[in-house]
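Trainee: A structural model of the following input is requested.
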Amino acid sequence: MKIFLNAGHGGPDPGAVSKSGLKEKDVTKRICEILAEKLRHFGVEVIEFQEQNSYFEISKAENKSGADLFVSVHCNSFSNAAACGVETCYFPTSANGKRLAGCIQKELINYTGLVDRGCKMRRDLHVLKATKAPAVLVETAFISNPEEEKLLKSRPEIFADGIFAGIKDYIS
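Mentor: Reported below is the predicted structural model:
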């Protein structure tokens with residue numbers, strides 16, 4: 001089993017930035033580092049990738065990798081700071097992507113205790129429609145929500161644990 005892990009955003013693109021200055025690209029990199037270590041300990045080959053110039057390079061690298069699964073980790077953001085919760089996105093025509101999203105979503109809710117925003121079909125996300133492997137994009141929590149921002153900053157391991165448990169459920 002080979003998993004392509006994409007820490008969302010990178011290079012000159014910070015992704016969403018909280019009011020206190022926490023950058024999505026830094027949070028997602030930390031979550032993916034922890035997750036990659038767990039996956040490797042479990043015997044899974046992991047490719048870690050964070051964009052440097054453009055999101056097009058993500059799908060290009062994944063398509064060359066021969067990965068069995070693609071997981072892109074992000075933080076959500078909204079103008080209303082009360083917006084909260086976890087959601088996992090998949091491409092509508094991918095049955096395996098939908099199943100992986102369900103496994104990850106369930107475990108992320110178990111590990112974080114955050115609001116379940118559900119699994120969502122998304123046709124518009126490049127990394128879901130342009131990758132060969134079954135793909136999901138995980139919106140771990142709202143970096144724009146002060147309480148969730150604290151969790152993202154101080155406890156990235158709970159997000160990595162939830163995603164890891166979901167991947168294990170999917171594999172078995």
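Trainee: contacts for stretch 29-46?
Mentor: 1-3, 5-7, 10, 48, 50, 71, 73, 140, 156-157, 159-161, 163-164, 167-168 (C-beta atoms under 8 Å, 6 or more residues apart in numbering). No exception for glycine: its C-beta is placed from N, CA and C like everyone else's.
Trainee: and if we set it to 6 Å?
Mentor: 1-3, 5, 7, 48, 50, 73, 156-157, 159-160, 163-164 (C-beta atoms under 6 Å, 6 or more residues apart in numbering).
Trainee: just those: which are in helices?
Mentor: Judged by DSSP state H, the subset of the contacts of stretch 29-46 located in helices is 156, 157, 159, 160, 163, 164.
Trainee: now list the buried members of the residues you listed.
Mentor: Buried members of these, scored by 16 or more other C-beta atoms under 10 Å, are 156, 159, 160, 163, 164.
Trainee: generate a markdown table for the residues you listed, with pLDDT and distance to residue 110 as supplementary columns.
Mentor: A markdown table is the format used below for those (pLDDT from 0 to 100; distance: C-beta to C-beta, whole Å):
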| residue | pLDDT | distance to residue 110 |
| --- | --- | --- |
| 156 | 98 | 17 |
| 159 | 98 | 12 |
| 160 | 98 | 14 |
| 163 | 98 | 11 |
| 164 | 98 | 12 |
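Trainee: thinking again about what came up before, closest to residue 133 out of the ones in helices among the contacts of stretch 29-46?
Mentor: residue 163 (15.6 Å; C-beta to C-beta).
Trainee: what residues are up against the closest one?
Mentor: Per C-beta under 6 Å, 6+ apart, neighbours of residue 163: 35, 104.
Trainee: so which strand or helix has residue 101?
Mentor: Using DSSP states H and E, residue 101 maps to helix 95-112.
Trainee: what's that helix in contact with?
Mentor: The contact list for helix 95-112 (C-beta under 6 Å, 6+ apart) reads 86, 88, 90-91, 116, 119, 134-136, 158, 161-163, 165-166, 169-170.
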